[in-house]
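Engineer: I'd like to go over a predicted model; first the sequence, then the structure.
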Amino acid sequence: MTSLTVNGTVRTSVSPPATPLLDVLRGEFGLTGTRFGCGEEQCGACLVLIDGAPAQACGREIATLEGRAVTTVEGLAGHGIIAALIAEQAGQCGYCLSGMAVAAAALLARNPTPGRAEIAQALDPQLCRCGAHPRILRAVERAARDMAAGGTGR
């Protein structure tokens, strides 16, 4: 058994130690916002925050997370990036969007006023095949502006 904090709640996984975090989140904990993309830590669909840092959930074994804090896209409810993604109609198919939101939240936590180049660099590892990148970039810029003006950016 592995105990960890997921989205602010202490959870205990009964999955075998080598089970990927992604499988535990989706299958055991019912948190399906984090997506399975490639399964090889290459596409970013499974991005979560582990102790505040972006990490791929598909290749991380649950046993390595004892006592750690994991934030999924569901844990970003109320964060300014979510409202901005909606306002900018940034999702097309939406498959990459949870990973994009997590990457953007991590960026905004370390730099609340990133420039466009820094936003693009932070989101570069996240694959999107729909061509929604321009809207996603605008959404991150919007979230930074809104959060600077007093919006939610936890």
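Structural biologist: Done, it's in. Just so we're clear, the structure is a prediction, and the values are computed from it rather than from any experiment.
Engineer: max-length helix in this structure?
Structural biologist: In the chain, with assignment by DSSP state H, the single longest helix is helix 133-148.
Engineer: what sits up against that helix?
Structural biologist: Helix 133-148 is contacted by residues 80-81, 83-85, 87-90, 97, 100, 104, 107-108, 112-114, 116, 119-120, 123, 128, 151, 153 when judged by CB atoms under 8 Å, 6 or more residues apart in numbering. C-beta here means a position set from N, CA and C on the backbone, and glycine is covered the same way.
Engineer: Ala109 in helix, strand or coil?
Structural biologist: What DSSP: H, G, I helix; E, B strand; the rest coil gives for Ala109 is helix.
Engineer: what's the neighbour count on it?
Structural biologist: Using other CB atoms under 10 Å, the number of residues around Ala109 comes to 14.
Engineer: what is the burial count for the nearest residue to it once chain neighbours are set aside?
Structural biologist: Spatial nearest neighbour of Ala109, chain neighbours left out: Gly52 (6.7 Å); criterion: CB to CB, 6 or more residues apart in numbering. Gly52 has 11 neighbours, counted by other CB under 10 Å.
Engineer: give me the pLDDT for Gly52.
Structural biologist: With respect to pLDDT, Gly52 scores 96.
Engineer: how about the one 10 residues further on?
Structural biologist: At Ile62, the model reports a pLDDT of 98.
Engineer: wait, it sits on Leu22?
Structural biologist: No. The pair Ile62 / Leu22 is not scored as a contact, 9.6 Å apart, by CB atoms under 8 Å.
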